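Asks: Take a look and give me a structure for this.
(one chain, ligands or ions: 2)
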Amino acid sequence: MYALSYSDLKDIAHTDAASRRALADAVRDACIHVGFLYVKNHGIPEPVIDNALAASKRFFSLPNEQKAEIDIRKTANYKGYTALLSSNNDPDNAGDMHEGFEFGWEEIRPKGFDEKRANDGAMAGANVWPQDVPGFREDVLTYYHAAVDLGKKLFPLFALALNLPEDFFDNKTKNSAAIMRVLHYPPQTGHVDDRVIGIGAHTDFECFTILWQEPEIQALQVLNTQKQWIDAPPIPGTLVVNLGDQFARWTNDVFKSTIHRAINRTGVRRYSIPLFFGTDYDVKLEPITSCISPERPAKYEVVTAGDYVQQRLKAAYGH
Ligand SMILES: O=C(O)CCC(=O)C(=O)O
Ligand SMILES: [Fe+2]
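Replies: Numbering: from 1, shown residues only. Ligands and ions are numbered 1, 2, ... in the order given. A predicted model of the protein is given here:
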């Protein structure tokens with residue numbers, strides 16, 4: 001069993017090829033064996049995280065009827081609020097014990113015509129913001145843009161980890177998909193029905209997820225190759241980066257999209273913020289040549305990232 005690996009992204013600023021190669025090798029090892037990494041020196045300032053957390057607490061403390069006004073099922077583009085037990089990530093389960101708010105690309109200072117948002121595939125169209133939560137939009141969008149910047153720095157590193165030119169994903173990530181959720185997991189104490197946990201066992205469906213989890217609250221678990229659930233605790237100053245199914249498709253399963261879940265048995269509320277990062281929606285998810293061989297024939301039908309995400313969102317939210 002491999003431990004979840006650390007990658008220190010301050011090396012990302014280094015131009016010298018040897019340290020960059022060493023970092024890419026560490027990333028490669030983690031991607032092949034675990035599919036989960038912790039990143040240090042990720043570049044998202046602490047106050048930006050603190051403000052996004054505070055904003056998300058303000059939103060979730062609204063009365064349920066008010067949150068229901070922006071229910072994700074009322075929007076055509078998978079944006080807005082998901083109530084407790086309204087989503088279900090594991091088909092064997094009865095519902096996820098978390099509530100969330102989901103949104104996509106938007107400039108912090110609104111533009112007349114936001115081309116990127118118009119091109120946002122399944123998520124195209126306006127975000128749906130709650131009324132009466134002062135500063136919420138600005139605070140979560142500020143985090144979003146910082147995390148998107150981090151995601152853009154990670155793609156060249158993943159390319160290098162796959163022994164590809166660092167710019168391999170550049171023309172595939174010009175309008176990169178980036179869907180963010182803020183999540184709230186109420187505590188589950190006493191008897192917990194295993195079919196109703198914070199978020200049921202699942203894989204993510206973009207290329208990779210950048211996940212902030214609340215310090216000192218253990219909830220996230222990763223399924224290892226021996227089918228045991230391993231805790232992925234929050235580590236101060238780090239973010240979790242885990243691979244999703246689009247990367248498994250790009251790499252013909254050389255890189256792992258690892259099954260994970262979250263259960264909050266701590267007795268206190270827990271908050272987390274995942275940002276799902278993918279390629280442009282019109283890009284075909286074609287296996288990288290070096291990941292196919294006679295022993296490892298191509299496993300997946302080639303589809304565009306947009307069709308793939310749309311299909312997965314439909315399955316998750318049922319519309
Ligand atoms: O809250 C967490 O730690 C995990 C969230 C997650 O897996 C997801 O939203 O896909
Ligand atoms: Fe996930």
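
Asks: Spell out which parts of the stretch 201-319 of the chain neighbour ligand 1.
Replies: The stretch 201-319 of the chain comes close to ligand 1 at residues 204, 211, 213, 219, 220, 260, 262, 272, 274, as judged by C-beta under 6 Å from any ligand atom. C-betas here are computed from N, CA, C, even on glycine.

Asks: mind redoing it with 8 Å?
Replies: Contact residues (C-beta under 8 Å from any ligand atom) of the stretch 201-319 of the chain with ligand 1: 202, 204, 209, 211, 213, 219-220, 232, 240, 242, 260-262, 270, 272, 274, 276.

Asks: Next: the stretch 51-200 of the chain.
Replies: So the stretch 51-200 of the chain meets ligand 1 at 89, 98, 100, 181, 183, 185, 198, 199 (C-beta under 8 Å from any ligand atom).

Asks: Filter these down to the ones in strands?
Replies: Among those, the ones falling in strands (DSSP state E) are 100, 181, 183, 185, 199.

Asks: For these, point out the one with the lowest pLDDT.
Replies: pLDDT across these is at its lowest for residue 199, which sits at 93.

Asks: Can you name the residues that contact it?
Replies: When contacts are counted by C-beta atoms under 8 Å, 6 or more residues apart in numbering, residue 199 touches 89, 96, 97, 98, 183, 185, 261, 262.

Asks: In the stretch 201-319 of the chain, what residue lies closest to ligand 1?
Replies: residue 272 (3.4 Å; C-beta to the nearest ligand atom).

Asks: in stretch 37-56, what's buried?
Replies: 37-39, 42-44, 48-49, 51-53, 55-56 (16 or more other C-beta atoms under 10 Å).

Asks: Sort out for me which of the residues you listed are in helices.
Replies: Here DSSP state H is the test, and the buried residues of stretch 37-56 give 48, 49, 51, 52, 53, 55, 56 as lying in helices.

Asks: Of the residues you listed, just say which sits nearest to residue 193.
Replies: residue 56 (26.2 Å; C-beta to C-beta).

Asks: list the contacts for the closest one?
Replies: Going by C-beta under 8 Å, 6+ apart, residue 56 touches 101, 140, 182, 184, 271, 273.

Asks: Check residue 208 too.
Replies: Residue 208 sits next to 151, 154, 158, 241, 242, 243, 244, 247, 277 when contact means C-beta under 8 Å, 6+ apart.

Asks: how about JSON lines for those, with pLDDT, distance to residue 290 and neighbour count added?
Replies: JSON lines is the format used below for the contacts of residue 208 (pLDDT from 0 to 100; distance: C-beta to C-beta, whole Å; neighbours: other C-beta atoms under 10 Å):
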{"residue": "151", "pLDDT": "94", "distance to residue 290": "23", "neighbour count": "23"}
{"residue": "154", "pLDDT": "93", "distance to residue 290": "20", "neighbour count": "24"}
{"residue": "158", "pLDDT": "95", "distance to residue 290": "14", "neighbour count": "24"}
{"residue": "241", "pLDDT": "95", "distance to residue 290": "22", "neighbour count": "26"}
{"residue": "242", "pLDDT": "96", "distance to residue 290": "23", "neighbour count": "26"}
{"residue": "243", "pLDDT": "96", "distance to residue 290": "17", "neighbour count": "26"}
{"residue": "244", "pLDDT": "97", "distance to residue 290": "20", "neighbour count": "22"}
{"residue": "247", "pLDDT": "95", "distance to residue 290": "14", "neighbour count": "25"}
{"residue": "277", "pLDDT": "94", "distance to residue 290": "22", "neighbour count": "27"}
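
Asks: wait, which of those is closest to residue 307?
Replies: Using C-beta to C-beta, the contacts of residue 208 come closest to residue 307 at residue 244, 15.6 Å.

Asks: That's all I had, so thanks and see you.
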